[in-house]
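A.B. asks: Task: produce atomic coordinates for the following.
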Amino acid sequence: MRIYLFILLVSAAVTFLTTPAVRLMARRAGAMTAVRSRDVHDAVTPRLGGVAMLAGVVAAMLIASNVPFLEGLFRDSRQAWGILAAAALVCLLGAADDKWDLDWMTKLAGQILAALLLAWQGVQLVTLPIGGVTLLSPRASLILTVLVVVVSMNAVNFVDGLDGLAAGVMAIGGSAFFAYAYLLTRSASATDYSSLAAVLTAMMIGACAGFLPHNLTRARIFMGDSGSMLLGLLLAASTIAVTGQVDPARLSGADFFGQFLPILLPIGVMVIPFLDFALAVVRRIGSGRSPFHADKLHLHHRLLGLGHSKRTAVLIMYLWTVVISAGLLAPLVLDTRGVVLFWTGGVLLALLLTFDPLRWRHARHRKDPTDARSV
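C.D. replies: Numbers count the residues shown, from 1 in each chain. Okay, here's the model as predicted:
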């Protein structure tokens, strides 16, 4: 565990320290987010934050590859380096979009190329977690892998609409996924606790943690597509590493829930981005527009419409991520009564805070009556 925490801290430190330089680079390159009618920010802000996050991931991966505990993951397989190459590719693609606003077809083609690169390097779904069922054909395996990767990247991109939202949601959900990957690895082997999924998730959490201080309320820089697609790819790669290559039955024996957890947990981690993505696609196709056509009807827009400030909208989406991610892990550590109590209390609390914005607003104005810029 200490090695994983060290890798996380390396990723966080490098990301945090390089972000100011990337911000300056974005200003000089003209990679700026203008204030548009659908946006909730009120000032022109540099993008390219994903470049700093990639720097953190690269530094952490280089160090991990030289740590005896983890070096086997890099020496015996090309998967880790394939993931790094795909991460660099999507970050470069996102940086180009941050600068020149690429059309959606170009971005989709680049995302598919990155997913194919992962599959070529062995990061590919080969089994379903339900009893280790083998997929029907190599073609089905490839198609499902590409679909998981592309949907994950776009889901994170869709939810990146408020200061600190995407980075915070991914850090929280990633922490739950890290805990699961680590427990799964400990259960699978009594001597070797190294796990590609766990180390990738630790790097992702660190990149988010290092970027957040620069991206919270009144953000000085946005992660842009370079960051959102990078985070989506890393989580997808971690999911594939767990779901396709480790037998989840070892975690909980014949427990039925344990068989489905590798499917449920990634969905839970990404529930907010996935829900926003699905609603946006249905909404836009239903109105005869491209699914990539921007609008002002995302979940965070709806929370603002309920009367929440930008800050409380972000906190509410954090809370939903905590409730769902931790709730899916709860059966591993709690009995049935504890799981029911956790889900009941967590969902009720989240619903109360989501649909009672007056309480939030009154408390906020009592603490800071001058803060009127949030909505």
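A.B. asks: quick one: low-confidence parts of this protein?
C.D. replies: Residue ranges of the chain with pLDDT under 70: 34-42, 127-136, 188-190, 243-263, 290-297, 357-375.
A.B. asks: my guess is Leu235 contacts Ser152, does it?
C.D. replies: Yes - using CB atoms under 8 Å, Leu235 is in contact with Ser152, at 5.9 Å. (Each C-beta comes from the backbone N, C-alpha and C, glycine too.)
A.B. asks: Now do the shared contacts for those two.
C.D. replies: Common contacts of Leu235 and Ser152 (CB atoms under 8 Å, 6 or more residues apart in numbering): Met270.
A.B. asks: Keeping just the C-alphas, turn stretch 227-234 into PDB.
C.D. replies: C-alpha atoms of stretch 227-234 as PDB (Å, rounded to 0.1, in the frame of the first residue of the first chain):
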ATOM      1  CA  GLY A 227      -7.400  16.400 -19.300                       C
ATOM      2  CA  SER A 228     -10.900  14.900 -19.500                       C
ATOM      3  CA  MET A 229     -10.000  12.400 -22.200                       C
ATOM      4  CA  LEU A 230      -6.800  11.500 -20.400                       C
ATOM      5  CA  LEU A 231      -8.800  10.700 -17.200                       C
ATOM      6  CA  GLY A 232     -11.400   8.700 -19.100                       C
ATOM      7  CA  LEU A 233      -8.800   6.600 -20.800                       C
ATOM      8  CA  LEU A 234      -6.900   5.900 -17.600                       C
END
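A.B. asks: Looks like Met317 contacts Met170 (just checking).
C.D. replies: No - applying CB under 8 Å, one finds Met317 not in contact with Met170, separated by 11.4 Å.
A.B. asks: Which one of the two is surrounded by more residues?
C.D. replies: Met170 (31 against 26; other CB atoms under 10 Å).
A.B. asks: Gln121 versus that one, what's the distance?
C.D. replies: Using CB to CB, to the nearest Å, Met170 is found at 23 Å from Gln121.
A.B. asks: cool, Arg186 as well?
C.D. replies: Following CB to CB, the distance that separates Arg186 from Gln121 is 26 Å.
A.B. asks: And Met223, by the same measure?
C.D. replies: 25 Å.
A.B. asks: so what secondary structure elements neighbour the lengthiest helix in the chain?
C.D. replies: For the chain, the helix with the greatest residue count under DSSP state H is helix 2-29. Secondary-structure packing of helix 2-29 (3 or more CB pairs under 8 Å, 6 or more residues apart in numbering; DSSP states H and E): strand 45-46, helix 49-64, helix 196-215.
A.B. asks: and Trp81, backbone torsions?
C.D. replies: phi -70, psi -30 (degrees, to the nearest 10).
A.B. asks: for this protein, what spans make up the strands?
C.D. replies: 32-33, 45-46, 127-128, 133-134 (DSSP state E).
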